[in-house]
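J.: just to be clear, the model below is a prediction. Sequence and coordinates:
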Amino acid sequence: MFIVNEDGVVYQKDPIGVIRAYQIAKRYFDCQLVLAGGGATDDPEGAQVLEEVRDVAGPDPDIHVLELPPWSPLEINALQRGSTIVIQKSLREGFGLTVAEALWKSKPVVASAVGGIPTQVIHKHTGMLAHSVEGTAYQVRFLLSHPDLAARLGAQGHQHVREHFLITRNLRRYLTLFLHLLGYH
């Protein structure tokens, strides 16, 4: 499923779906949602998406929509570290940098089962995968009601990033390969 606006623009992310999932989870848990990001110069529909997000968020005091400049990595880092769960509801995705960052910080991730995300989020091992708004809400509710499992997924996610996605790990593999090819065993 892709979200196509009235102008025929296909979105890559689903922030409206995140809000809808939060609204479902909110019925069961006292929680807050922070949607943080910023417009990119190569994202012409960004302003329109932000307007739609703010409209859907409405007056809910527990939804915080933060439009951050591109030079805000410290703020994003602080938000991820302070989060209980990180949600990445993508409609299309290659390697999800947000997913890797959250996993590295030992945060449980609920993410869409699209593109490269399932190589990062292994369902019920390093996080939870979902296929819909309702599925996302269910996984969020499940993790909020099972904090020990959420912590274990976060720890396993950190280890998964350490073993598979850090440049130092890849560098070690290349050096081992080169040594083997050169005949040094």
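T.: Nice, I can see it.
J.: pLDDT below threshold where in this protein?
T.: Per-residue confidence of the chain (counting by pLDDT under 70) places the weak regions at 1-10, 39-45.
J.: in it, which residue is most central in space?
T.: Centre of the chain computed as the mean C-alpha position; nearest residue by Cα atoms, centre = their mean is residue 88, 2.8 Å away.
J.: isn't that one up against residue 117?
T.: Yes - under the criterion of Cβ atoms under 8 Å, residue 88 makes contact with residue 117 at 6.8 Å. (Glycine included, C-beta is placed from N, CA and C.)
J.: pull up the overlap in contacts between the two.
T.: Shared contacts of residue 88 and residue 117, defined by Cβ atoms under 8 Å, 6 or more residues apart in numbering, comprise 96, 99, 111.
J.: name the SS class of the second one, please.
T.: It stands for residue 99. Using DSSP: H, G, I helix; E, B strand; the rest coil as the criterion, the local structure at residue 99 reads helix.
J.: surely it is in contact with residue 117?
T.: Yes - the pair formed by residue 99 and residue 117 meets the contact definition of Cβ under 8 Å, at 6.0 Å.
J.: list residues touching both of these two?
T.: Looking at what touches both residue 99 and residue 117 (by Cβ under 8 Å, 6+ apart), the common residues are 88, 111.
J.: of the two, who's got more company?
T.: Neighbour comparison, residue 99 and residue 117: the larger count goes to residue 99, with 27 against 21 (by other Cβ atoms under 10 Å).
J.: and the more buried one, how far from residue 160?
T.: With distances taken as Cβ to Cβ, to the nearest Å, residue 99 is found 11 Å from residue 160.
J.: same check on residue 76?
T.: In this structure, residue 76 and residue 160 are 21 Å apart, going by Cβ to Cβ.
J.: ok, residue 32 - how many residues close by?
T.: A count of neighbours around residue 32, defined by other Cβ under 10 Å, yields 13.
J.: let me see the contact set for it.
T.: Remark: with contacts taken as Cβ under 8 Å, 6+ apart, residue 32 is in contact with 62-64.
J.: do that again at 10 Å, thanks
T.: For residue 32, the contacting residues are 22, 26, 60-64, 83-84, by Cβ atoms under 10 Å, 6 or more residues apart in numbering.
J.: so which of these are in helices?
T.: When DSSP state H defines the helices, the subset of the contacts of residue 32 inside them is 22, 26.
J.: just the buried members of the contacts of residue 32?
T.: Burial by neighbour count, judged by 16 or more other Cβ atoms under 10 Å, picks out 22, 26, 63, 83 from the contacts of residue 32.
J.: for the first one, which non-adjacent residue is spatially closest?
T.: Read it as residue 22. The spatially closest residue to residue 22, leaving aside those adjacent along the chain, is residue 33, at 4.2 Å (Cβ to Cβ, 6 or more residues apart in numbering).
J.: now the one you found: how far from residue 21?
T.: For residue 33, the distance to residue 21 under the criterion Cβ to Cβ works out to 9 Å.
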